[in-house]
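S.K.: mind folding the following:
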Amino acid sequence: MKRIVLTMLFGSLGMASMAQTTWNESTDVEERPLFTEHFSKEEFAERRSTVYDAIGEEAVALIQGAPMPMGFEAFRQNNEFYYLSGVESPFAYLLLDGASKEATIYVQDRNERREYNEGKMLSFQDAELIKSLSGLDHVKHVDELREDIAAYGIASDAWSFYTPMSAYENLKVTRSMARRTLADRELDPMDERPGRHFEFMAHLEELAPTVDVQNLDPIIDEMRKIKSDAEIELIEWSTHRQGEAILEAMRSTTPGVTASELEATSRYIFWKNGIEEEAYYALIHIGPDAFMNHYHNSERPARPGDMILMDYGPVYEYYTSDMARMWPVNGTFNPVQRELYTFYLELYEAILTNIEIGLTPQQVYQNALSDFDQIFPSLEFTHEHHREAAIAFVDSYRERAKNPRTGLGHGVGMAVHDVGDYSKPIEPGMVFVIEPQFRIPEERVYVRLEDMIIIREDGPDVITDRYPRDIEGIEAIMRDVGMLQRD
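M.R.: Purely as a prediction, here's the structure:
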């Protein structure tokens, strides 16, 4: 009988090997698209049209693309460049002519050796393909850029050049973090490099000294503040992967777990679902480490009685998310944790439920405080200094509510701290978070939640509501068996 089974097995294997006569069954050489499939070329054209109208007929906008990164790192375009073109080619430049209302991209020659090793990338030799994919009007060789810039200066001294005057955003690089890096660089006496945007502006002034250089940032910032349906779809996808990662981290939390283990479960969920990168390093705080709200080096295992704070967002097709949750290591809030968390959550929910189209953040705070003042007397605190800290925290929001320029949190989009003025009245298309931060310094207590809010035509949508932030919901999730505990 054994001989018959073996004969049948080896016979079937032989037939399978005879059926396939090629090295690989697949004949597709490359599946990676050369241009985004998430935005139409018409949407990019509409964005450029808005820029034309904003800069006027006697101006051009010039945007510098990202360089090729050093080392084994994939190329990623600057946010500013990608937003207006969708083209992912290194060392590219984009010129938007306000008079002709035509867009020209300057790109390099094909690097055949690199393409042989790493795959195709759009280049000057793909001029017609670039135009058909992106809707850009002209494709030129990058060597023509300097001459074209100088020509605008010769044509008229009435011309203006608009270009971003802030450090460029890229993967894990927000505008504020870029400024921090440049400030740190100034402390190095042996490094005199300015930011790449400063170098570019210096070239503009050298090539066309009579032309006025103006800041493009305010124009793009206000455009980016209002998201299109296509942008919101990517933000939602990114957000829900982050939410799934946080829920898995809750399930996988037991005494002894480390931040790196919870980060590993998150990365598995990100990568498995097509997330290409993280928007920022993992902020997984164990116990008192959370008091340093951007601490990212926790190594000690979690102990019973500790609280964990997790804030770790991914990037999907250039769009990010940002949310945070807290939970007790042993799966149950102790009495003090329950008191302080309940106080915080009541104020937090009062802010969330008062977000409305047409209101300013100042008005939202005023309405939220009015609601919360009805709730606060019923809240219990075991320790009097906890009550005093809670009162001081609420009073800090009373001060914010006096400021007409206050904000609710920060925008989220291509950058995790997105650009745009969020102190203005709330309107459809905005995407932002709130993240109140409650501290009791003498005990290194830190409480923070963060939720993603999309303002739709019919009102606000807290898309992270499905990921519990209430005590009962969190404790129920933690009763499930997590990835780290499965055999």
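S.K.: got the phi/psi numbers for I286?
M.R.: With angles defined as degrees, to the nearest 10, I286 shows backbone torsions of phi -110, psi 120.
S.K.: beta partners of it?
M.R.: In this structure, I286 has beta-bridge partners I308, where bridges are defined by DSSP bridges.
S.K.: got a list of what it touches?
M.R.: T258, A259, S298, R300, P301, A302, D306, I308, V329 (C-beta atoms under 8 Å, 6 or more residues apart in numbering). Where you see a C-beta, it was placed from the backbone N, CA and C, and this is true even at glycine.
S.K.: quickly name whichever of the residues you listed is closest to G358.
M.R.: Looking at the contacts of I286 and their distance to G358, the nearest is I308, at 37.7 Å (C-beta to C-beta).
S.K.: returning to that earlier point: return the subset of the contacts of I286 lying in helices.
M.R.: By the criterion of DSSP state H, membership of these in helices covers A259.
S.K.: let me know the closest of the contacts of I286 to G407.
M.R.: For those, the residue nearest G407 by C-beta to C-beta is I308; the value is 27.5 Å.
S.K.: and the closest one, what's its pLDDT?
M.R.: The confidence metric pLDDT takes the value 96 at I308.
S.K.: count the residues that sit near it.
M.R.: Burial of I308 is recorded as 23 neighbouring residues (other C-beta atoms under 10 Å).
S.K.: so which bits of the longest helix seen in the chain are buried?
M.R.: Across the chain, the longest stretch assigned as helix under DSSP H is helix 229-251. Of the residues in helix 229-251, those buried under the neighbour-count criterion (16 or more other C-beta atoms under 10 Å) are 231-232, 234-251.
S.K.: could you pull out the strands in the stretch 151-300 of the chain for me?
M.R.: When secondary structure is read from DSSP state E, counting those that start in this stretch, the stretch 151-300 of the chain shows strands at 160-163, 212-215, 277-278, 283-286.
S.K.: now do the stretch 301-450 of the chain
M.R.: Taking DSSP E, counting those that start in this stretch as the test, the strands found in the stretch 301-450 of the chain are 307-311, 314-316, 319-320, 325-328, 409-411, 431-434, 437-440, 445-448.
S.K.: just those: most buried one?
M.R.: Of all the strands of the stretch 301-450 of the chain, strand 319-320 has the most neighbours on average by mean count of other C-beta atoms under 10 Å, namely a mean of 28.
S.K.: just checking: what are the partner strands of that strand?
M.R.: As defined by DSSP bridges, the strand partners of strand 319-320 come to strand 314-316 (antiparallel).
S.K.: tell me the mean pLDDT over the partner strand?
M.R.: 97.
S.K.: contacts for it?
M.R.: Outside of strand 314-316, the residues within contact range by C-beta under 8 Å, 6+ apart are 171, 234, 237-238, 241-242, 245, 270, 274-279, 320-321.
S.K.: swap in 6 Å and give it another go.
M.R.: With contacts defined as C-beta atoms under 6 Å, 6 or more residues apart in numbering, strand 314-316 is touched by L234, W237, S238, R241, Q242, F270, I275, E277, E278, A279.
S.K.: quick one, what contacts the fourth one?
M.R.: The reference is to R241. Under the criterion of C-beta under 6 Å, 6+ apart, the neighbours of R241 are F270, N273, I275, P314.
S.K.: return the most buried member of the strands of the stretch 151-300 of the chain.
M.R.: strand 283-286 (a mean of 24).
S.K.: quick one: that one to chain centroid distance?
M.R.: Centre-to-centre, strand 283-286 and its host chain are 19 Å apart (C-alpha atoms, centre = their mean, to the nearest Å).
S.K.: quick one: mean pLDDT for that strand?
M.R.: For strand 283-286, the per-residue pLDDT values average out at 94.
S.K.: same thing with stretch 259-271?
M.R.: Model confidence over stretch 259-271, given as mean pLDDT, is 96.
S.K.: just the buried residues of that stretch, please?
M.R.: A259, E261, L262, E263, T265, S266, R267, I269, F270.
S.K.: distance between it and the chain's centre?
M.R.: Counting by C-alpha atoms, centre = their mean, stretch 259-271 is centred 18 Å from the centre of its parent chain.
S.K.: got it, and stretch 314-331?
M.R.: So, by C-alpha atoms, centre = their mean, the centroid of stretch 314-331 is 12 Å from its chain's centroid.
S.K.: got it, and stretch 344-351?
M.R.: For stretch 344-351, the distance to the chain centre is 25 Å (C-alpha atoms, centre = their mean).
S.K.: residues contacting that stretch, please?
M.R.: Contact partners of stretch 344-351, identified using C-beta under 6 Å, 6+ apart, comprise A368, D371, F372, I375, I434, P436, F438, V447, L449.
S.K.: can you name the helix or strand that G473 falls in?
M.R.: Secondary-structure element containing G473, defined by DSSP states H and E: helix 471-478.
S.K.: contact partners for A178?
M.R.: With contact taken as C-beta under 6 Å, 6+ apart, A178 is in contact with A167.
S.K.: report the rounded mean pLDDT for the longest helix of the chain.
M.R.: The predicted confidence, averaged over helix 229-251, sits at 98.
S.K.: and the angle for that helix with helix 471-478?
M.R.: 70 degrees (axes from the mean of the first three to the mean of the last three C-alpha atoms, to 10 degrees).
S.K.: follow-up on the earlier one: okay if I get the contacts of R241 as a markdown table plus distance to H285?
M.R.: Formatted as a markdown table, the entries for the contacts of R241 read as follows, by distance: C-beta to C-beta, whole Å:
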| residue | distance to H285 |
| --- | --- |
| F270 | 19 |
| N273 | 25 |
| I275 | 22 |
| P314 | 19 |
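S.K.: quick one: which of those residues is nearest I55?
M.R.: Nearest member of these to I55, counting by C-beta to C-beta, is P314, at 34.3 Å.
S.K.: okay, now the nearest residue to that closest one once chain neighbours are set aside: neighbour count?
M.R.: Taking C-beta to C-beta, 6 or more residues apart in numbering as the measure, P314 lies nearest to I275, with 4.2 Å between them; neighbours along the chain are not counted. I275 sits with 23 neighbouring residues when counted by other C-beta under 10 Å.
S.K.: got the contact list for D126?
M.R.: Contact criterion C-beta under 6 Å, 6+ apart gives no residues in contact with D126.
S.K.: quick check: it is in a helix.
M.R.: Yes - following the definition DSSP: H, G, I helix; E, B strand; the rest coil, D126 is counted among the residues of a helix.
S.K.: mind checking pLDDT for it?
M.R.: The predicted local distance difference test score for D126 is 96.
S.K.: W327: what's it in contact with?
M.R.: By C-beta under 6 Å, 6+ apart, W327 lies in contact with M250, I308, I474.
S.K.: try it again with 10 Å
M.R.: The neighbourhood of W327, defined by C-beta atoms under 10 Å, 6 or more residues apart in numbering, consists of 246, 249-250, 253, 307-310, 333, 337, 341, 468-469, 471, 474-475, 477-478.
S.K.: ok, back up a step: nearest to R387, out of the contacts of strand 314-316: which one, please.
M.R.: Comparing the contacts of strand 314-316 against R387 with C-beta to C-beta places Q242 closest, at 33.9 Å.
S.K.: surely the closest one and M452 touch.
M.R.: Yes - under the contact definition of C-beta atoms under 10 Å, Q242 touches M452, with a separation of 8.5 Å.
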